[in-house]
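K.L.:
Quick one, what's the 3D model for this:
(chains A, B and C)
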Amino acid sequence: MWFRDDLRVSDHAALCEAAKDPEGLVALYLLDECSAQTRPLGAATKWWLHHSLQSLTETLAGLGVPLVLRRGAAEEVLPEVVAESGATKVFWNRRYGPERAIDARLKQDLRGQGIDARSFIGGLLHEPHTISTAEGTPYRVYSAFWRACLRHGDPALPLPAPVALRAAEGEVSSDSLPDWKLLPTDPDWASQFANFWTPGEEFAHMRLREFLGDQVIRYQADRDTPSVDATSRLSPHLRWGEISPRTVWHEALHSGLDVGMFLSEIAWREFAWHTLFHVGEDPAHSLERRSLNRRFDLFPWRSSAEADTELDAWRRGTTGFPLVDAGMRELWQSGSMHNRVRMVVASFLSKNMLVDWRVGEAWFWDTLLDADRASNPFNWQWVAGCGADAAPYFRVFNPTTQVKKFDPEGKYVTRWAPESLLCVPILDLAQTRERALAAYQLTKQQPLS
DNA sequence: TTTTGAGTTGTTCGA
DNA sequence: GTCGAACAACTCAAA
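P.N.:
As a prediction, the model looks like this:
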């Protein structure tokens, strides 16, 4: 049983199937950061992965199976583990990013050697190939995609976790988790993360129940207010598949409350994966590499060198715009940022600073606990105006207006960046807005080559 | 097949 | 202070 971005035992199709096998199973987690189709993990994400693997190890041990840890290119290491263990079958849940090229090649190779390699439904509500427009093309507009999801009907009911597992005979060598050095040391900049988050399947379910118990009622009204704890905070758990979106969907419906708005946000995650799936397996075409709107191929972004000082201020949260600075500090200290503020800081970077959205995306990738290969670049592209169902180019968030609207009492700003109010603004909002509008207008008018 | 209307998250300006 | 218009172009789906 090969675990990937699905570090859980409930609603796990591949595990359920593997559990039926009388030969017993080997549970494997393979950390692959070197294949061409994978993306090296961000530093914050590694912290989460460490703790999530620890949690899965305990859960599996309780069910009777050790978790084997191995590192390297999947196409080299997986066959090694198969040979070492004498496994005759290999099961996994499907991935929907560029990594699926690796899975397809492995499946073919293993089957060529007489190994029964099988994949199962992965961590989405609906598999991407089952949702398409009447013309068979992928959706490019969210609302139409959401309607299509609703027409598709409820996703399958979550599968129960196995009550017991049988370990395969013989021993398979495993790396030790601390040797992977996923946790930061010297300095331990993640020291505060544990005050905000508890990785692991058990806590993912607790978080969902808590949210559905007393927060979801206020979700629609308060989700845009960053000082209020009104969001589900499930995203890092979903990132590692500690809980499946199908479980979230059904438990939310089961609550009997008005969960429409919340589920439509789960569908945005789905839409990002749908979009990533349809750009194909070529890493060069992946969402983090290329704007969906090809007109932006020649966009006159200012280079990182040119915007060096401003970029530094953006990353550190010393731009002199309290909402931007508060957001960037929240990110650094907690590994997360409120959704409303993400839009503001992303608009600030791509529009006011006129820096390539990929630079911001890379920073989020490194510092966010919930960044995945679909949502993170998809949403950056949405804000930058070059993505699917993108914000119109003239939508430039004004951090001063936004703070008046969404943090009028300054609670959020005071919590994260109290001294930012005294900083000197690094740029002129009106002037940089005009600069962005001019550049975007030119790009829009450019004929597509 | 063609036409038409609608579409997550904003800001500014002028009446 | 409030309100509506303008700021495009394109995709999707219904008519």
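
K.L.:
Could you list which residues are in contact with A:Trp249?
P.N.:
By C-beta atoms under 8 Å, 6 or more residues apart in numbering, the contact list for A:Trp249 reads A:125, A:154-155, A:263, A:266. No exception for glycine: its C-beta is placed from N, CA and C like everyone else's.

K.L.:
10 Å - rerun?
P.N.:
Neighbour list for A:Trp249: A:125, A:154-158, A:259, A:262-263, A:266-267 [criterion: C-beta atoms under 10 Å, 6 or more residues apart in numbering].

K.L.:
what about A:His285, distance to A:Arg147?
P.N.:
According to C-beta to C-beta, to the nearest Å, A:His285 stands 27 Å off from A:Arg147.

K.L.:
before we move on, what about A:Cys423?
P.N.:
Taken as C-beta to C-beta, the span from A:Cys423 to A:Arg147 is 45 Å.

K.L.:
Show me which of these two is the more surrounded one.
P.N.:
The residue with more neighbours, out of A:Cys423 and A:Arg147, is A:Cys423; 16 against 12, by other C-beta atoms under 10 Å.

K.L.:
Would you agree A:Asn293 is in contact with A:Cys386?
P.N.:
Yes - with contact defined as C-beta atoms under 10 Å, A:Asn293 reaches A:Cys386; the gap is 4.5 Å.

K.L.:
Those two: who's more crowded?
P.N.:
For A:Asn293 versus A:Cys386, the count of surrounding residues by other C-beta under 10 Å is larger for A:Cys386: 24 against 19.

K.L.:
so what's the more buried one up against?
P.N.:
A:290-297, A:299, A:350, A:357, A:380, A:393, A:440, A:443.

K.L.:
For the residue in chain A that DNA strand B sits nearest to, which non-adjacent residue is spatially closest?
P.N.:
DNA strand B sits closest to A:Ser143 of chain A, with a gap of 2.5 Å, by C-beta to the nearest atom of the strand. Nearest residue to A:Ser143 in three dimensions, chain neighbours excluded: A:Asp389, at 7.9 Å (C-beta to C-beta, 6 or more residues apart in numbering).

K.L.:
burial of A:Asp214, as a residue count?
P.N.:
Neighbours of A:Asp214 using other C-beta under 10 Å come to 9.

K.L.:
How about the secondary structure of it?
P.N.:
At A:Asp214 the chain is in helix, as set by DSSP: H, G, I helix; E, B strand; the rest coil.

K.L.:
Could I get the pLDDT score of it?
P.N.:
Note on A:Asp214: pLDDT of 90.

K.L.:
In which helix or strand does A:Ile91 reside?
P.N.:
Rather than Ile, residue A:91 is Phe. Per DSSP states H and E: A:Phe91 is located in strand A:89-93.

K.L.:
For that strand, the averaged confidence score.
P.N.:
Per-residue scores along strand A:89-93 average to 98.

K.L.:
Packing partners of that strand?
P.N.:
Packed against strand A:89-93 by the contact rule (3 or more C-beta pairs under 10 Å, 6 or more residues apart in numbering; DSSP states H and E) you find strand A:2-3, helix A:13-19, strand A:27-31, helix A:74-85, helix A:100-112, strand A:116-120.

K.L.:
Against which helices or strands is the longest one packed?
P.N.:
In other words, helix A:100-112. Under the contact criterion of 3+ C-beta pairs under 10 Å, 6+ apart, helix A:100-112 touches helix A:74-85, strand A:89-93, strand A:116-120.

K.L.:
buried ones in the longest one?
P.N.:
Buried positions in helix A:74-85, judged by neighbour count with 16 or more other C-beta atoms under 10 Å: A:74, A:77-79, A:81-82, A:85.

K.L.:
Please determine how far the closest residue to DNA strand C within the stretch 301-449 of chain A is located from A:Ala284.
P.N.:
The minimum distance from the stretch 301-449 of chain A to DNA strand C, using C-beta to the nearest atom of the strand, falls at A:Pro392 (3.1 Å). Going from A:Pro392 to A:Ala284 by C-beta to C-beta gives 28 Å.

K.L.:
Can you show me the CA trace of whatever helix or strand A:Thr401 lives in as CSV?
P.N.:
For A:Thr401, the element it lies in under DSSP H and E is helix A:399-406. Provided in CSV are the C-alpha atoms of helix A:399-406 (Å, rounded to 0.1, in the frame of the first residue of the first chain):
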residue,chain,number,x,y,z
PRO,A,399,-5.1,47.8,1.1
THR,A,400,-6.2,51.0,2.8
THR,A,401,-9.8,50.6,1.6
GLN,A,402,-9.8,46.9,2.4
VAL,A,403,-8.7,47.5,6.0
LYS,A,404,-11.5,50.0,6.5
LYS,A,405,-14.0,47.6,5.1
PHE,A,406,-12.9,44.3,6.7
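
K.L.:
That one vs DNA strand C: in contact?
P.N.:
No - applying C-beta under 7 Å from any atom of the strand, one finds helix A:399-406 out of contact with DNA strand C, separated by at least 11.3 Å.

K.L.:
Please apply the same query to stretch A:126-145.
P.N.:
Yes - Stretch A:126-145 is in contact with DNA strand C by C-beta under 7 Å from any atom of the strand, via A:133-134, A:137-141, A:144-145.

K.L.:
Show me which of those has the smallest pLDDT value.
P.N.:
Lowest in pLDDT among those is A:Ala134, which has 80.

K.L.:
Look at it and tell me its secondary structure.
P.N.:
coil.

K.L.:
any idea how far it lies from A:Asp32?
P.N.:
38 Å.

K.L.:
the more surrounded of the two?
P.N.:
A side-by-side neighbour count of A:Ala134 and A:Asp32, using other C-beta under 10 Å, places A:Asp32 first with 20 against 6.

K.L.:
quick one, what contacts the residue nearest to that one when sequence neighbours are not counted?
P.N.:
With sequence-adjacent residues excluded and distances taken as C-beta to C-beta, 6+ apart, A:Asp32 is closest to A:Ala74, at 4.6 Å. By C-beta under 10 Å, 6+ apart, the contact set of A:Ala74 is A:2, A:4, A:30-32, A:34-35, A:37-38, A:99, A:102-103, A:105-106.

K.L.:
Which pair of those residues spans the longest distance?
P.N.:
Using C-beta to C-beta, those reach their maximum pairwise distance at A:Leu31 and A:Arg105, which is 18.6 Å.
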